[in-house]
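Novice: Could you work out the structure for the sequence below:
(chains A and B)
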Amino acid sequence: MSKFARPAIPDAFLSRADRVVPPSGFTARLTQFTAAAMAFLAVFALALSLATGRLAERWSSELARAVTVRISAPVDQMTIQTAAVERVLRTTPGVSSFRVLDEADERALLEPWLGPGLPLESLPIPQLVEIVEDDAGIDTEGLRLRLSAEAPGAVLDDHSRWRQPLVEAASRLRLLGLVAIVLITMATGAMIALAANSALAANREVIRVLRLVGARDTFIVRAFVRRFTLRSLGGALAGVILGAAALMVLPGADQGAGFLTGLRFQGAEWLWLFLIPPVTAIVAFVATRIAAFRALKEFT
Amino acid sequence: MIQLSDVSYGYDGRELLSHIDMNLQPGSFHFLTGPSGAGKTTLLKLCYADLVPTSGHIAIFGKDLAEMDRDAIAYARRRIGVVHQDCRFLDHLSISDNILLPLEVSARDNEAHHLQELLSWVGLSDRANALPPEMSGGERQRAALARAVIMSPEVIIADEPTGNIDWEMSQRLLDLLIELNKMGKTILIATHDLNLIRTAKKNVSARVLRIRDRQLTSAGADL
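Specialist: Okay, the predicted model is just below:
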């Protein structure tokens, strides 16, 4: 075999078909670059999707377990109605614990908006009761009815009014991440198919000669599929390593900083990265195979 | 082996071959002659299924071409050795690799040990590692013949095999083809070189076919 016959792939990986089709130079580098860039983007799309999933779950579970009772009553009725609410809560199934917020708690809640040194005693501030549900949860409708009967000034707030839009927003972000992954996969397939078409066009004469000496389509297709699959796999590996390194550089998740700092994978989520190179290789395999069989139709 | 029945072929609305009947019997030796542009190469291409007839039927090794899928055509081509006019080598492969190509694509490269013998037969033992562009016209034609016979095909088709080489080399190539015919191979050679045909007829029982006005006829006694 002459030195010109060798593509830049180790001999052990060369099939018979690889040996007779010349190396495709520019298209090979294009495929590797495309696979690397797409894998890099896929890492971030995956990170976005997983992070928003975690966020939606956290918001949902944290808020779902916290219910508040707000008591608005004249000053002389406040103690009576608060006691009535406490009585009701003690006998309500699903209540794990509850706490009547004292003046210091309420001042702390209002301070960010109204500033320090509030004369709370002169303001008609409602009394708040914070309830923590147990795993079984509270029948909010039943509790609402009991409260209206025994403490008319008490209003049950299960936070669903503002919890739902937040959870929905996070879920949509997660969906966007998944859509981005699908689009990246499809774009990878399309770009590899284009590169394969270009390589097939550049090797028209080789393909023609191979057909004339009795090569079956599968023999010819194998050469292109094999090399595009291996190059995509190599490119995707590089892209994933770069993407993972970029994620590592991001600040770690911390409770106060929120969403952006929580983009880094957590625990077993890092294992998702191992899926990207093989998926890229499978996409390259399918895209090249379809492109090659289609291109071969024009040869007798 | 290869039978054409009432075959016509046209391209771009123009008929190049009209109602051709031809039958290549096993072990036969045929010359195909006619002026340049008469359609000799087209007829040969129809014989190895590189072209599909506009009308009529072609049977290759008993199978109707119209019913053969792409794999069947590939398998049939392994039984037909073709010496193309322009040789059709892959320039990035050495001449040895080019000669071995039919074995390689057929997963029969375990038979590659015949290569040295074959190179010696066509007188190219010392050119095994040369690249096609580095070789002379005669060397290329002999290498093309070596590639055509490496699969031990039943039929050998040669398109102007002596077109670009001197008389001495033409004689040598012709001797090789006659030798193959004596080994039982069916030979079809397209040529416009009447001297070559006359020389061959002294050594082998050859039938001469002529394409004229898109029709195929048997050549007269002048040959």
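
Novice: which stretch of helix or strand covers the most centrally placed residue in chain A?
Specialist: Geometric centre of chain A, nearest residue: A:Ser49, 0.9 Å, by C-alpha atoms, centre = their mean. For A:Ser49, the host element (DSSP states H and E) is helix A:25-64.

Novice: before we move on, what about A:Ile125?
Specialist: Going by DSSP H and E, A:Ile125 is not in any helix or strand.

Novice: And it, how close does it get to A:Glu106?
Specialist: As judged by C-beta to C-beta, to the nearest Å, A:Ile125 and A:Glu106 stand 6 Å apart. Heads up, the C-betas are built off the backbone N, CA and C, glycines and all.

Novice: Which stretches in the chain count as helices?
Specialist: Since you didn't name a chain, this refers to chain A. Using DSSP state H, the helices of chain A run over A:16-20, A:25-64, A:75-90, A:103-114, A:140-150, A:160-202, A:204-212, A:217-249, A:276-296.

Novice: ah, I was thinking of chain B
Specialist: So, for chain B - with DSSP H - the helices run B:40-47, B:70-77, B:95-105, B:115-121, B:137-149, B:167-182, B:194-203.

Novice: List of residues touching the second one?
Specialist: If you take C-beta atoms under 8 Å, 6 or more residues apart in numbering or on different chains as the criterion, helix B:70-77 is touched by A:211-217, A:296, A:300, B:48-49, B:60-61, B:63, B:65, B:68.

Novice: Of these, just the buried ones, PyMOL syntax please.
Specialist: A single PyMOL command selects the buried members of those (16 or more other C-beta atoms under 10 Å in any protein chain shown):
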select buried, (chain A and resi 211+212+213+214+215+216+217+296) or (chain B and resi 48+49+60+65+68)
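
Novice: Just give me the closest of the contacts of helix B:70-77 to B:Leu115.
Specialist: Nearest to B:Leu115 among the contacts of helix B:70-77: A:Val213, at 15.2 Å, using C-beta to C-beta.

Novice: How much space separates the closest one from chain B?
Specialist: 4 Å (C-beta to the nearest C-beta, to the nearest Å).

Novice: again with A:Leu275
Specialist: When A:Leu275 is compared with chain B (using C-beta to the nearest C-beta), they lie 34 Å apart.

Novice: ok so, going back, from A:Thr280, how far out is the residue nearest to the centre of chain A?
Specialist: 17 Å.

Novice: same thing with A:Glu106?
Specialist: Taking C-beta to C-beta, one finds A:Glu106 at 56 Å from A:Thr280.

Novice: In contact with the most centrally placed residue in chain B, which residues are there?
Specialist: Central residue of chain B (C-alpha atoms, centre = their mean): B:Ile157, 1.8 Å from the mean position. Going by C-beta under 8 Å, 6+ apart, B:Ile157 touches B:Leu44, B:Cys47, B:Tyr48, B:Ile80, B:Gly81, B:Val82, B:Val83, B:Ala148, B:Leu188, B:Ile189, B:Ala190.

Novice: In this structure the last one contacts B:Glu160, no?
Specialist: So the one you mean is B:Ala190. Yes - at 6.0 Å, B:Ala190 counts as touching B:Glu160 under the criterion of C-beta atoms under 8 Å.

Novice: more neighbours, the two?
Specialist: B:Ala190 (27 against 20; other C-beta atoms under 10 Å in any protein chain shown).

Novice: Run through the bridge partners of the more buried one.
Specialist: Beta-bridge pairing of B:Ala190, defined through DSSP bridges, involves B:Leu32, B:Asp159.

Novice: Can you check the pLDDT for the closest residue to A:Gly214 other than its chain neighbours?
Specialist: Among residues not flanking A:Gly214 along the chain, B:Arg78 sits closest, at 3.8 Å (C-beta to C-beta, 6 or more residues apart in numbering or on different chains). On pLDDT, B:Arg78 comes in at 94.

Novice: who's in contact with B:Arg78?
Specialist: A:Val213, A:Gly214, B:Pro102, B:Ser106, B:Met151, B:Pro153.

Novice: Export the residues you listed as a markdown table, with columns for distance to A:Arg87 and pLDDT.
Specialist: A markdown table is the format used below for the contacts of B:Arg78 (distance: C-beta to C-beta, whole Å; pLDDT from 0 to 100):
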| residue | distance to A:Arg87 | pLDDT |
| --- | --- | --- |
| A:Val213 | 95 | 93 |
| A:Gly214 | 93 | 93 |
| B:Pro102 | 96 | 93 |
| B:Ser106 | 92 | 90 |
| B:Met151 | 99 | 89 |
| B:Pro153 | 102 | 92 |
